[in-house]
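Chemist: below: sequence and its predicted model.
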Amino acid sequence: MGDQEIRAALDRHWAASAAGDQDTEHEIYHDDVITDYPQSGERIHGRRNLQALRSHHPARLDFTLRRILGGGNLWITEYVIEYDGQPASTISIMEFRDGKVAHETQYFADPFAPPAWRARWVDPMPRT
C-alpha cells in the first residue's frame, strides 16, 4: 500500500472518528494492533478491545484535525479532541504493517496559560 492509499485510509479513519462511526473508524487497524497511552500507562491489545473502549467513552467527543504528516509505514496526526467541550491537543503516531495500523501511540495534552515572561518573543496561535 502506497502513501496515497494510506493517506486516504487516514482521512476515512479521522472522518469516521469525528462522525462517531465506530466500524469505519476501526477498519484501519490490524486485529492484533497495540495502542499505547503513555501518559496513563495503558496498553490496549487488539482491535476489538480498542473499539470497545472507544465506544464506551462517556464524554461527547469532537475532533479538529490540524495536520497529517508521514510516509511509508510511519504517520503522525496532530489534532484537537474535545471531551464535553474541553480541548486536548493530541498526537497520534501510527505505525503501519501491510497497509493497516499495527501500533499506535497517542499523547494528550491539556491547554495551559502561557507564562508572562516570554510574551515579548511569541505571538498567539490561531484557535482551531
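Modeler: Nice, thanks for sending it over.
Chemist: can you pull the contacts of residue 109?
Modeler: 88-90 (Cβ atoms under 8 Å, 6 or more residues apart in numbering). Every C-beta, even on glycine, is put in place using the N, C-alpha and C of the backbone.
Chemist: distance check, it against residue 89.
Modeler: Per Cβ to Cβ, to the nearest Å, residue 109 is found 5 Å from residue 89.
Chemist: quick check: the gap between residue 62 and residue 45.
Modeler: Taken as Cβ to Cβ, the span from residue 62 to residue 45 is 28 Å.
Chemist: correction: the previous question concerned residue 55.
Modeler: Taking Cβ to Cβ, one finds residue 55 at 16 Å from residue 45.
Chemist: also residue 95?
Modeler: For residue 95, the distance to residue 45 equals 15 Å [Cβ to Cβ].
Chemist: between those two, tell me which one has more neighbours.
Modeler: residue 95 (16 against 11; other Cβ atoms under 10 Å).
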